[in-house]
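Chemist: this one's sequence-less:
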Ligand code: ATP
Ligand code: MG
Ligand code: FE
């Protein structure tokens, strides 16, 4: 089986061709991503209108490139998988409409994929992971701990009640005068800093529920910065280091609880349980070390797919389509509509904060 994947939900335009062998193994035949980072950096964040326009301009060329690199023609693929939510509606429309047009013209079936399902199933493509496992998605738009039970079977155990973690990095960077995107800039500055200089809050630590909250942390950073303004490089470094430490401690508590819950719910599991990390924030070395140490403590395998597959890409969308096909899910009708909000577990009633 071979699928063309299309991803346009945020600020990356992406196309990929992925195949699934009869033994269940996946193979990425091509995976092209065009980041719009430069278009948006002057604005300090993603501008939806600019994003949609950039997707329109780039997508056709990227799809051609993906097919060329994979050395396949449209008649060689079995289906088209396109992200249909959650995300910025303008971009979603571009990708899904293009997917529909190709499916229609080439007589292929269409799979409308939930972007979060793409992130959730990536570790099966890269590491052949078997169900069930836990997935922590930490990106600019999402912060969720999800139980992945099977294809189409997801339980959201925790989500942010305000800002996403990447968003907290971006906002903190902005108020410290660091460039966008904030994550890498904050991490770089933190390397030289004293993590114990500022006492920042550790939101929700100690609470039984598995949610996250990061907006209070950002406010505390603003207060600390205002008190000692004007800031020199040393101050910025110390704030960044203290900020990262607060986040690490928070994750330690929140994720630790999640791992403990998984262990008690799956006490009978005869394989080592696994925690998968996804999203741009997974690039952060301190956060990685924290998660790795936690996994060691709780007896989990720590799975971090290559960064290119952790951030937004179309290979994960193609793969989600292949998983759906292999699990005998029906393809979607061509009148399927994009959804800017679309919680991964259909049973999730409320979409909180930037849970999109
Ligand atoms: P979505 O949330 O819709 O999947 P996104 O584009 O917001 O998409 P990603 O592209 O996965 O998310 O990740 C971008 C985010 O990751 C930004 O918020 C950025 O600041 C953060 N990030 C990137 N590198 C680092 C790092 N080294 N440390 C912390 N955060 C980082
Ligand atoms: Mg992105
Ligand atoms: Fe994403």
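Modeler: Yep, it's here. What you see is a predicted model, and the numbers here were worked out from it, not measured in a lab. Numbers count the residues shown, from 1 in each chain. Ligands and ions are numbered 1, 2, ... in the order given.
Chemist: looking at this, residue 145 is in a strand?
Modeler: Yes: according to DSSP: H, G, I helix; E, B strand; the rest coil, residue 145 belongs to a strand.
Chemist: pretty sure it sits against residue 254.
Modeler: Yes: using C-beta atoms under 8 Å, residue 145 is in contact with residue 254, at 7.4 Å. For glycine as for every other residue, the C-beta is placed from the backbone atoms N, C-alpha and C.
Chemist: list residues touching both of those two?
Modeler: Counting by C-beta atoms under 8 Å, 6 or more residues apart in numbering, the shared contacts of residue 145 and residue 254 are 158, 210.
Chemist: so which residues of the stretch 251-356 of the chain form helices?
Modeler: For the stretch 251-356 of the chain, the helices defined by DSSP state H, counting those that start in this stretch occupy 285-298, 307-310, 315-326.
Chemist: what does the last one contact?
Modeler: Helix 315-326 is touched from outside by 1, 3-7, 14, 16-20, 24, 26, 28, 31, 78-83, 111, 113-115, 117-119, 121-122, 124-125, 151-152, 309, 331, with contacts defined as C-beta under 8 Å, 6+ apart.
Chemist: ok, and the closest non-adjacent residue to residue 126?
Modeler: residue 305 (4.3 Å; C-beta to C-beta, 6 or more residues apart in numbering).
Chemist: list the contacts of the one you found.
Modeler: Contacts of residue 305 (C-beta under 8 Å, 6+ apart): 122-123, 125-127, 276, 278.
Chemist: got JSON lines for these, with secondary structure too?
Modeler: Shown next, in JSON lines, are the contacts of residue 305 (three-state DSSP):
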{"residue": "122", "secondary structure": "helix"}
{"residue": "123", "secondary structure": "helix"}
{"residue": "125", "secondary structure": "helix"}
{"residue": "126", "secondary structure": "helix"}
{"residue": "127", "secondary structure": "helix"}
{"residue": "276", "secondary structure": "strand"}
{"residue": "278", "secondary structure": "strand"}
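Chemist: quick check, nearest of the residues you listed to ligand 2?
Modeler: The closest of the contacts of residue 305 to ligand 2 turns out to be residue 278 (C-beta to the ion; 12.1 Å).
Chemist: OK, contacts around the closest one?
Modeler: So residue 278 contacts 119-120, 122-123, 135-139, 305, 310 (C-beta under 8 Å, 6+ apart).
Chemist: now do residue 145
Modeler: Contacts of residue 145 by C-beta under 8 Å, 6+ apart are 134-136, 156-159, 210, 254-255, 258.
Chemist: ok, residue 339 next?
Modeler: Applying C-beta under 8 Å, 6+ apart, the residues near residue 339 are 84-86, 92.
Chemist: repeat that for 7 Å
Modeler: Shown in contact with residue 339 (C-beta atoms under 7 Å, 6 or more residues apart in numbering): 84-86.
Chemist: same question, residue 116
Modeler: 137, 344.
Chemist: next one, pLDDT for it please.
Modeler: Model confidence at residue 116, expressed as pLDDT, equals 97.
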